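take this sequence and fold it.
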Amino acid sequence: MQPPHTSARQPSPDHRQLRRVALSGLLGTAVEFYDFLVYGTLAALVFGDLFFPRADPAVGTIAAFGTFAAGYVARPLGGIVFGHFGDRIGRKSMMLATMTLMGCGSFLIGVLPTYDAIGVWAPVLLVALRVVQGLAIGGEWGGATLMIVEHAERTQGDRRGLWSSFTQLGAPLGSVLSAGMVTLVSALPDDEFRSWGWRVPFLLSIVLLAVGLFVRLKIAESPLFAQVKREPLDKPPVFEVLRRPKPVLLAACAGIGAFTAQSLLTGFMISYAVDHGYSRSQVLTAVTVASCVALAVLPAASALSDRVGRRPVVLAGAIASAALAFPVLALVNTGSPGLLILALVLGHGIAQSTMYGPLGALITEMFGTRVRYTGASLGYQAATLVGAGFSPLIASSLLASNGGGSTPVSLLLCGGAAITALTVWRMRETNSDPLDSPATRSTTPTPEGTPR
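The predicted model follows:
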């Protein structure tokens, strides 16, 4: 009797595991970005009044974005801490830990008393929970991206960029979820929205946490990490990475443009557009539409980077972002809801997403397997700190001192894009470099692609 025939189209066990890991990365990062972006949206809408009521409106907005920045300050530290254990113990366990920390931190924000109830302890606790969120997301991206890219290396090595985009998709998907949820609760009467409605998106984090953990418990550890796990590290991974800091610095600078555009054209844009006469629902609709466009552009840009290289795609996105910086703000300033949507689609949905899509694979490929979690996380989160963490705070401060003109925002967008463009121009192409070569298992590759 002949053995049953197996269809050539049936995916191999490795390929099925890759799909499962990709779904885990998508869901996990979507949940974490949902939590992170809900905060940014509500900081723009109500946190100034609820947690800093004695400040004037402009100062209250700046203070709210200051707590927003606190989460970004914590992200590199989260990358170091979770990267350390991810490179020593394993990727999977850290992915479970980061998701749990983020979900619990967000839920606690949802039950946090406001300034009227507990006074100064309200903003203090808000900042503390924001730091918890930052620590969690600081370790999340690295673990999720590495798991996908390292699993893809075995069966889909020539499509690492496309598979890595599943992690990148978490940002716009989280944005869609957060904008949709905030749109629903902001439709409540204003007094109800300010008293309890704003809490609902945070409280729902516990449900999303349960779904994400269920999926992540079913994935297998990275095969590349399993190969090198027993190889000893003389020093903590962060020391190994910072001993030759150039790859981390290049990784950070390569991401600054994408994160500057992301923060200014999503969370910050909500408060800016509302101040310029748009309703909350109009702005959230525009952000949602732009994020939906990004869901298509991100995998397309990532797949293109597998064919033509990471550098040309990221460079094209950076140039487009710089070219559109002033036109985008000019469209927003017209007061037209249709032109607001067009502005965010062009600036965020297309230009920013083209820069952002290949970054997961690009940054991952710059580090050896033994220190990849730490190196990639540190470089990526340093980019978010500089590009996204301080941009809304700087923009709010400049607007307050500049009479509300949009020129400072456009200049920030141009500056971030220029840093990315110049950095990527100097980097060597990595899309065809193997991840598991003996030379890169315990060493950090130089930006030019050869181990030192």
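
Val386 against Leu249, yeah?
No: using CB atoms under 8 Å as the test, Val386 is too far from Leu249 to be in contact (11.2 Å). All C-beta spots, glycine's among them, are computed from the backbone N, C-alpha and C.

more neighbours, these two?
Neighbour count, other CB atoms under 10 Å: between Val386 and Leu249, Val386 has more, with 20 against 13.

so what pLDDT did the more buried one get?
Looking at Val386, its pLDDT is 87.

spatially nearest residue to it, not counting backbone neighbours?
Nearest-residue entry for Val386: Ile256, 5.5 Å, with adjacent residues in sequence omitted and distances by CB to CB, 6 or more residues apart in numbering.

and for Gly212?
Nearest non-adjacent residue to Gly212, counting by CB to CB, 6+ apart: Val31, 4.7 Å away.

so Gly405 belongs to a helix, correct?
No: going by DSSP: H, G, I helix; E, B strand; the rest coil, the assignment for Gly405 is coil, not a helix.

contacts only, for it.
Leu399 (CB atoms under 8 Å, 6 or more residues apart in numbering).

what bits of the stretch 51-200 of the chain have low per-residue confidence?
Within the stretch 51-200 of the chain, the stretches with pLDDT under 70 are 54-69, 155-157.

any idea how far the residue nearest to Gly212 is from Ile206?
Separation of Val31 from Ile206 (CB to CB, to the nearest Å) stands at 11 Å.

joint contacts of those two?
Here Val31 and Ile206 have Gly103 as joint contacts, going by CB under 8 Å, 6+ apart.

who has more neighbours, these two?
It is Val31, of Val31 and Ile206, that has more neighbours when counted by other CB under 10 Å, with 28 against 13.

and the more buried one, what does it touch?
Val31 touches 99, 102-103, 170, 174, 205, 208-209, 211-212, counting by CB under 8 Å, 6+ apart.

at 7 Å instead, please
Val31 makes contacts with 99, 208-209, 212, as judged by CB atoms under 7 Å, 6 or more residues apart in numbering.

same question, Val111
With contact set as CB under 7 Å, 6+ apart, Val111 has no partners.

phi, psi for the nearest residue to Thr430 once chain neighbours are set aside please.
Leaving aside its sequence neighbours, Thr430 sits nearest to Glu365 (CB to CB, 6+ apart; 3.9 Å). Dihedral pair for Glu365: phi -70, psi -10, per degrees, to the nearest 10.

burial measure for Glu365, as a count.
Glu365, neighbours per other CB under 10 Å, totals 24.

from Ala322, how far off is it?
Remark: distance between Glu365 and Ala322 (CB to CB) = 25 Å.

Ala290 too?
Ala290 is 18 Å from Ala322, where distance means CB to CB.

give me the more crowded residue out of those two.
Using other CB under 10 Å as the criterion, Ala290 and Ala322 rank with Ala290 on top: 30 against 21.

right, and Met102 touches Gln133 too?
Yes: assessed by CB atoms under 7 Å, Met102 is found in contact with Gln133 at 5.9 Å.

which residues do these two both contact?
With CB under 7 Å, 6+ apart, Met102 and Gln133 have common neighbours Asp35.

in three-state terms, label Leu435 for me.
Assignment for Leu435 (three-state DSSP): coil.

for it, which non-adjacent residue is spatially closest?
Counting by CB to CB, 6+ apart, Glu153 is the residue found nearest to Leu435 once chain neighbours are left out, at 4.7 Å.

number of nearby residues for Leu331?
Leu331 has 19 nearby residues by other CB under 10 Å.

that one: what's it in contact with?
Residues near Leu331 by CB under 7 Å, 6+ apart: 339-340, 342-343.

repeat the analysis, applying 6 Å as the threshold.
Leu331 sits next to 339, 342-343 when contact means CB atoms under 6 Å, 6 or more residues apart in numbering.

cool, and Thr114?
Thr114 is in contact with 50, 122, counting by CB under 6 Å, 6+ apart.

before we move on, what about Pro76?
For Pro76, the contacting residues are 381-382, 385, by CB under 6 Å, 6+ apart.

same check on Ala144?
Counting by CB under 6 Å, 6+ apart, Ala144 makes contact with 25, 28-29, 167.

and the residues you listed, which two are furthest apart?
Gly28 and Thr167 (8.4 Å; CB to CB).

which parts of this structure are strands?
Per DSSP state E, the chain carries no strands over any range.

ok, longest helix in it?
Ranked by residue count, the top helix of the chain under DSSP state H comes out as helix 121-155.

picking up where we left off before, of the contacts of Ala144, closest to Glu429?
Distances from Glu429 to the contacts of Ala144, taken by CB to CB, are shortest for Thr167, at 20.9 Å.

surely that closest one is in contact with Leu146?
No: assessed by CB atoms under 6 Å, Thr167 is found out of contact with Leu146, at 9.3 Å.

number of residues surrounding Arg428?
The tally of other residues near Arg428 (other CB under 10 Å) stands at 14.

could you measure from it over to Phe239?
Note on Arg428: its distance to Phe239, by CB to CB, is 25 Å.

do the same with Gly119
43 Å.

please apply the same query to Ala97.
For Ala97, the distance to Phe239 - CB to CB - is 22 Å.

which ones are touching the residue positioned nearest the centre of the chain?
Most central in the chain under CA atoms, centre = their mean is Ala171, positioned 5.4 Å from the mean C-alpha point. Listed by CB under 6 Å, 6+ apart, the contact set of Ala171 reads Phe33.

burial count for the residue lying closest to Val185 once chain neighbours are set aside?
Excluding the flanking residues, the one nearest Val185 by CB to CB, 6+ apart is Gly197, at 4.1 Å. Gly197 is flanked by 19 other residues according to other CB under 10 Å.

pretty sure Gly197 is touching Ser186, no?
No: at 7.1 Å, Gly197 does not count as touching Ser186 under the criterion of CB under 6 Å.

excluding chain neighbours, what is closest to Leu18?
Nearest one to Leu18, counting by CB to CB, 6+ apart, is His151 at 4.6 Å.

and the gap between that neighbour and Pro223?
Distance from His151 to Pro223, by CB to CB: 7 Å.

between these two, point out the one with more neighbours.
His151 (28 against 14).

distance of that one from Thr145?
Here His151 is placed at a distance of 11 Å from Thr145 (CB to CB).

spatially nearest residue to Ala25, not counting backbone neighbours?
Just to correct that, residue 25 is Gly rather than Ala. Closest to Gly25 by CB to CB, 6+ apart is Ala144, at 3.9 Å.

actually Lys218, sorry about that
Arg20 (6.4 Å).

doesn't Ile219 make contact with the one you found?
Yes: with contacts counted by CB under 6 Å, Arg20 reaches Ile219, the gap being 5.5 Å.
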